[in-house]
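*Asks:* I need the structure of the sequence given here:
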Amino acid sequence: MTVQTMLEKLVSFPVLGGESNLEIIHWIKDYIESFGISTTLVPNKKNTKASLHCRIGPAVDGGVILSGHTDVVPVKGQPWTTDPFELIDKSDGNLYARGSCDMKGFLACCLTALPDMVEAELKTPIYFAFTYDEEIGCLAAEALIENIKASYSEFPKYAIIGEASMLKPIIGQKSIHIIDITVNGSEGHSSRIKQEVSAVHEAARIVLWAEQKMNDLIDSGSSDERFNPPHSSLHTGMINGGIAPNIIANKTTLSLDIRCLPQDDANQLYQDLRDYCKSREKEMQSIFSGFEIEVTENHPIVPSFSTSETSAAVHLISKITGNKEWQTVSYASEAGHFANAGFESIICGPGSIAQAHRADEFISKDQLNKGIEMMYALVKHLETA
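*Replies:* As a prediction, the model looks like this:
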């Protein structure tokens, strides 16, 4: 099967983040096992979704994990000019479909190269590690990694997460934390602003607190010029409250997006936010006893990671792709989870992230072909490594 044919099959599974991925993961499982490779499924508690891992090659330390996710982002409301779940070749050098770039192109390269991996005399193994629900917070990564560590007596050295990077090594990402906040105040006539507690006003204070916290981090000198921006960021992306100009709002909701440099403590920032909200509750309950601020995680923290530009992982990617220029990113991936588990982690996959999450998403044929070439180069390297 060619890599394009494999990609055509994979994009035909319309698995959105949060939905069951059992159809695609069982198809992948059957395909892998047709080559005599045993696979392990790691289901969620309801058995409606599953991750998959397997080992190709000998049970020795030092192997390479190839990791990707099976879910994609929604297409509803986007102006697609083609069927999102049918691979379309427009003869312009690109292949169009949802997930073609993010990140079924990488999965297609892994699976297309599987016959060569099986036939090769690998000195160190290759592992596949495919997850679900990456697009809604990397929710399956920890359980998959724990299962991998429990399933094999040996310990892999590297984890290559195949997010679209134009096959350039990405050596760092910020942590990402989405926090939803509901402020419950007291409704009343706007002339009574000092006798009531406005949920809108209190929400505004939280927005200003977040901005000041970001500025305090900048002023403290916490920076990393590898990233853009080179500091941790706190951003209010959504806020909604009130029903009329002359009515004091009794409810306002807002969402914060916090992206931390690897050296900053995302958990501490979250605790600082909670402490601030508790202090506002205590102060304003003297005016309205029912005043409350509810702070909830939209999803758990997606951890940051930082790999040295002189690491063996960077050298490996350079060897199998020819790319020596590294990058860092501020978007979420599962690389932080693998790094926290002790693997030398790096992001490298075919396609451009600029094409992800948009209408008429595509991957170029050139990138897809270079992706499969990377796989063949990895196989050749591990035959001697």
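*Asks:* Do a quick rundown of the strands in the stretch 251-385 of the chain.
*Replies:* 251-260, 292-302, 305-306, 327-329, 344-347, 362-364 (DSSP state E, counting those that start in this stretch).
*Asks:* Could you tell me the angle between the longest one and strand 251-260?
*Replies:* Interaxial angle, strand 292-302 versus strand 251-260 (axes from the mean of the first three to the mean of the last three C-alpha atoms, to 10 degrees): 30 degrees.
*Asks:* So for strand 292-302, what gets flagged as buried?
*Replies:* Neighbour-count burial for strand 292-302, counted by 16 or more other C-beta atoms under 10 Å, picks out Ile293, Val295, His299, Ile301, Val302. For the C-beta atoms, the positions are set from N, CA and C on the backbone; glycine is no exception.
*Asks:* Counting neighbours, what do you get for Asp224?
*Replies:* Per other C-beta atoms under 10 Å, the neighbour tally for Asp224 reads 17.
*Asks:* The one 10 residues further on too?
*Replies:* Using other C-beta under 10 Å, the number of residues around Leu234 comes to 22.
*Asks:* Asn215 is in contact with that one, correct?
*Replies:* No - using C-beta atoms under 8 Å, Leu234 is not in contact with Asn215; the gap is 9.3 Å.
*Asks:* and the residue nearest to the spatial centre of the chain, what are its phi and psi?
*Replies:* Nearest to the mean C-alpha position of the chain, counting by C-alpha atoms, centre = their mean, stands Ser333 at 2.7 Å. Phi and psi for Ser333, reported as degrees, to the nearest 10, are phi -160, psi 170.
*Asks:* my read: it touches Ala164, true?
*Replies:* No - counting by C-beta under 8 Å, Ser333 sits too far from Ala164 to count as a contact (10.2 Å).
*Asks:* Tell me which residues touch the nearest residue to Ala356 once chain neighbours are set aside, please.
*Replies:* Ranked by C-beta to C-beta, 6 or more residues apart in numbering and with sequence neighbours excluded, the top spatial neighbour of Ala356 is Asp102, at 3.7 Å. Neighbour list for Asp102: Val72, Val73, Glu163, Ala164, Gly351, Ile353, Gln355, Ala356, His357, Glu361 [criterion: C-beta atoms under 8 Å, 6 or more residues apart in numbering].
*Asks:* Check His53 too.
*Replies:* By C-beta under 8 Å, 6+ apart, the contact set of His53 is Thr39, Thr40, Val42, Tyr127, Phe128, Ala129, Phe130, Leu144, Asn147, Ile148, Ser151.
*Asks:* How far off centre is stretch 30-39?
*Replies:* Stretch 30-39 has its C-alpha centroid displaced from the chain centroid by 27 Å (C-alpha atoms, centre = their mean, to the nearest Å).
*Asks:* Now do the end-to-end distance for it.
*Replies:* 9 Å (C-alpha to C-alpha, to the nearest Å).
*Asks:* Highest neighbour count among the contacts of His53?
*Replies:* Of all the contacts of His53, the highest neighbour tally under other C-beta under 10 Å goes to Phe130, namely 29 neighbours.
*Asks:* May I ask which helix or strand encompasses it?
*Replies:* Phe130 belongs to strand 126-131 when assigned by DSSP states H and E.
*Asks:* follow-up on the earlier one: so how far is Ile347 from the residue nearest to the centre of the chain?
*Replies:* Ser333 sits 6 Å away from Ile347, going by C-beta to C-beta, to the nearest Å.
*Asks:* Same check on Pro115?
*Replies:* Pro115 is 26 Å from Ile347, by C-beta to C-beta.
*Asks:* more crowded one of the two?
*Replies:* Between Pro115 and Ile347, counted using other C-beta under 10 Å, Ile347 has the larger neighbour count: 30 against 12.
*Asks:* Can you verify my assumption that the more buried one contacts Ala332?
*Replies:* No - using C-beta under 8 Å, Ile347 is not in contact with Ala332; the gap is 11.0 Å.
*Asks:* hey, what's in contact with both of the two?
*Replies:* Contacts common to Ile347 and Ala332, judged by C-beta under 8 Å, 6+ apart, are Gln173.
*Asks:* And the contacts of His53, which is closest to Arg274?
*Replies:* Arg274 lies nearest to Leu144 out of these, by C-beta to C-beta, at 29.3 Å.
*Asks:* doesn't the closest one fall inside a helix?
*Replies:* Yes - secondary structure assignment places Leu144 in a helix (DSSP: H, G, I helix; E, B strand; the rest coil).
*Asks:* Grab the nearest non-local neighbour of it.
*Replies:* Of all residues not flanking Leu144 in the chain, Ser51 sits nearest, at 4.1 Å (C-beta to C-beta, 6+ apart).
*Asks:* I'd like the next helix or strand past the helix or strand harbouring the one you found.
*Replies:* Using DSSP H and E, Ser51 falls within strand 50-56. Counting by DSSP H and E, the next helix or strand C-terminal to strand 50-56 is strand 64-69.
*Asks:* going on from that next one, what's the next piece of helix or strand?
*Replies:* strand 88-89.
*Asks:* contacts for the next helix-or-strand element following that following strand?
*Replies:* The helix or strand immediately downstream of strand 88-89 is strand 94-96, counting by DSSP H and E. With contact meaning C-beta under 8 Å, 6+ apart, strand 94-96 is reached by 4, 7, 82, 87-90, 360-365, 368.
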